[in-house]
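# sequence below, structure please.
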Amino acid sequence: MGEAGGMVTTRPGRVRSEDARRAILLAARDELAERGYDKLSLDRVAAAAGVGKQTIYRWWSSKAALVAEGVLEGHLMPGLAVPTPETDSDDVWADVAGWLRDFGRALASPSTAALLRATSAATAEDDEVAARYDEQLTTVTRVALEARFGRAVASGQVRADAPTATAVEALVGLLSYHIVTRRDLTEQSIDGVVRLLRDGVGA
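Numbering: from 1, shown residues only. The predicted structure is shown next:
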C-alpha cells in the first residue's frame, strides 16, 4: 500500500480493459459502501469484479489510488443536488432550506451515507483522494451555493456587502459535519441554520 498522505499513481502495465476497469471501480464502490475504507480489501474487489487480484495490483499502486480514480470518475461519489438557476424560486432562503432537506434525504439512504463516510475517511489518509473528493463534492457544492447567493444579491435578498463566502463555508461545513457524525439533519436544525444565515447576510 502507498504511504498515507502521499501522491498515488497507477502502476505501468498492459493496456487496461475498459470493461474490467469499470467492473473493478463498481466493485470498489460496493465494497466501500458495505465495509468502509479501513476494511476495503483489494482481494475482495478483484473477486467481485471477476478479475485476478494481480490485475488490480498491476493497475493501481494502492487502495488509495483505486479510490482516487473512482472518485474522480464519479463511481464512488453519490450525486447530491445543488442549487441551479433552473431550480431557483423567488426566495433564496426557501431554496437553501430545500437544498438542506435534499441533502438530509440523501444521508438517510444507508448506501449513500456509507459511501460518503468511506470516501471521506479515505481523504484523511491520502492527499490525492482528498483533492478528488474536494473537486467532486465540496467544490461543486461551494460553487453552486456561491452562485445562488450571487443571484440573491442581484435580486436584493442578500446584502451586496454580505460575507456570502463565509455563509457558504458554513453550509459546506455543515454537510461535512453530518457526514462524519452520522447525525440526522432535522427540520429544526435546518430552520435554525437558515434563520442564522438570513439574519447574518439577508438584506
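# how about residue 126: what's its closest non-neighbour residue?
residue 64 (3.8 Å; CB to CB, 6 or more residues apart in numbering). All C-beta atoms are positioned from the backbone trio N, CA, C, and that covers glycine.
# and that neighbour, how many neighbours?
Each residue near residue 64 was counted by other CB atoms under 10 Å, and the total is 27.
# residue 51 too?
Neighbours around residue 51, by other CB under 10 Å: 19.
# for it, which three-state class applies?
Taking DSSP: H, G, I helix; E, B strand; the rest coil as the rule, one finds residue 51 in the coil state.
# let's see the pLDDT reported for it.
For residue 51, the pLDDT comes out at 93.
# name the nearest residue to it, sequence neighbours excluded.
Using CB to CB, 6+ apart, the closest residue to residue 51 is residue 20 (5.3 Å).
# how about that neighbour, secondary structure?
Going by three-state DSSP: residue 20 is helix.
# and if you look at residue 197?
Residue 197 - assigned by three-state DSSP - is helix.
# where are the low-confidence patches of this structure?
1-16 (pLDDT under 70).
# which residue is nearest the centroid of it?
Nearest to the mean C-alpha position of the chain, by CA atoms, centre = their mean, lies residue 137 at 3.7 Å.
# can you confirm it is in a strand?
No. Residue 137: not assigned to a strand; according to three-state DSSP it is helix.
# so what does the closest residue to it other than its chain neighbours look like in phi/psi?
Among residues not flanking residue 137 along the chain, residue 77 sits closest, at 6.0 Å (CB to CB, 6+ apart). Main-chain dihedrals, residue 77, degrees, to the nearest 10: phi -120, psi 110.
# residue 75 is in what secondary structure piece?
Using DSSP states H and E, residue 75 falls within no helix or strand.
# and it, how far is that from residue 160?
Distance, residue 75 to residue 160, using CB to CB, to the nearest Å: 41 Å.
# out of the two, which sits in the busier spot?
residue 75 (17 against 9).
# can you give me the helices for this protein?
18-35, 42-49, 53-59, 63-72, 92-108, 110-123, 127-133, 139-154, 164-181, 187-201 (DSSP state H).
# nearest to residue 82, out of those?
Nearest to residue 82, of all the helices of the chain, is helix 139-154, at 3.6 Å by CB to CB.
# just to revisit the earlier point, I figured the residue nearest to the centre of the chain hits residue 82, correct?
No. With contact defined as CB atoms under 8 Å, residue 137 does not count as touching residue 82 (10.0 Å).
# residue contacts, the residue nearest to residue 137?
The contact partners of residue 77, by CB atoms under 8 Å, 6 or more residues apart in numbering, come to 71, 115, 119, 133, 136, 137.
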